[in-house]
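K.L.:
next come a sequence and a model predicted from it.
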Amino acid sequence: MAWDDQAHRNVALITEHYLTPEAKAKVGALLSSDSAAGKTYNIADAATWADKQLAIHPEYSQWHFAHIRANQPNIPEACFGQPSLPIGTPASQGPAKACVIDKIHQFWTEFTDPRTEAVERQLALKYLLHLVGDVHQPLRVADQGNEHGKKLNVVALSPRDPSGGHSQFLITPGSLFGYWDSAIVRGLG
């Protein structure tokens, strides 16, 4: 789960802060009328929705990544050749082999097109809120030849008792990806 739910909520709340009052009202209205989900979302909760969909559609997990090589960046290569979305196919039903860069573009195109049906516009907004957060997690857009750092092991040191002034540290082994994705966010509170 990219950045953990709390980090996705934070990204959405930062986004909301910069919306004009008119845009904020439109986003709120769109999320409050989400009949497809059968529930009302606020902007922060909507930003976590796309990760929950992976339980239903695990084949879309690549939508959350771009395998960009640091030593030779090549966006088309990193994005499965950047295949076009078939005409008439909603972005939410696009091919599984698509990267976060292409999905942001596809969902933005749908979201801003006044001809897009309301249900698809809601899906586009929820994906945008989430995927823009994903693309800002560096290991989601970097291919280090090892599944985005998931195989790079790290040891995190943190104070055992932050209020007690002790010099003892808690040692936590894990993957670099997992540490960056969730542990840092949780550690910051």
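P.N.:
It's in.
K.L.:
every contact and neighbour count from this point should use C-alpha atoms.
P.N.:
OK.
K.L.:
show me how far stretch 46-55 is from its chain's centre.
P.N.:
9 Å (CA atoms, centre = their mean, to the nearest Å).
K.L.:
now stretch 34-49
P.N.:
15 Å.
K.L.:
have a look at this protein and report the helix or strand with the lowest mean pLDDT.
P.N.:
Lowest by mean pLDDT, DSSP states H and E among the helices and strands of the chain is strand 153-159, with a mean of 53.
K.L.:
low-confidence ranges, this structure, go.
P.N.:
Across the chain, the ranges flagged by pLDDT under 70 are 1-3, 35-38, 143-189.
K.L.:
which residue ranges of the chain form helices?
P.N.:
Here the chain has its helices, by DSSP state H, at 4-18, 21-32, 43-46, 49-53, 75-78, 100-112, 118-135, 176-178, 184-188.
K.L.:
out of the ones you listed, which comes closest to residue 94?
P.N.:
helix 100-112 (8.8 Å; CA to CA).
K.L.:
put the alpha carbons of the closest one into CSV.
P.N.:
Taking C-alpha atoms only, helix 100-112 is exported to CSV below (Å, rounded to 0.1, in the frame of the first residue of the first chain):
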residue,chain,number,x,y,z
VAL,A,100,1.5,5.3,-13.3
ILE,A,101,2.6,8.0,-15.7
ASP,A,102,0.2,6.8,-18.4
LYS,A,103,-2.7,6.2,-16.0
ILE,A,104,-2.4,9.8,-14.5
HIS,A,105,-2.6,11.1,-18.1
GLN,A,106,-5.5,8.9,-19.0
PHE,A,107,-7.5,9.7,-15.9
TRP,A,108,-6.8,13.4,-16.1
THR,A,109,-8.0,13.4,-19.7
GLU,A,110,-11.2,11.7,-18.6
PHE,A,111,-11.7,13.9,-15.6
THR,A,112,-11.4,17.1,-17.5
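K.L.:
and it, what does it pack onto?
P.N.:
For helix 100-112, the packing partners by 3 or more CA pairs under 8 Å, 6 or more residues apart in numbering; DSSP states H and E come out as helix 118-135.
K.L.:
so the helix it packs on versus helix 100-112, what angle?
P.N.:
150 degrees (axes from the mean of the first three to the mean of the last three CA atoms, to 10 degrees).
K.L.:
list the buried residues in helix 118-135.
P.N.:
118, 120-135 (16 or more other CA atoms under 10 Å).
K.L.:
my read: residue 49 touches residue 131, true?
P.N.:
No: taking contacts as CA atoms under 8 Å, residue 49 lies outside contact range of residue 131: 10.4 Å.
K.L.:
residues in contact with residue 95?
P.N.:
residue 85 (CA atoms under 8 Å, 6 or more residues apart in numbering).
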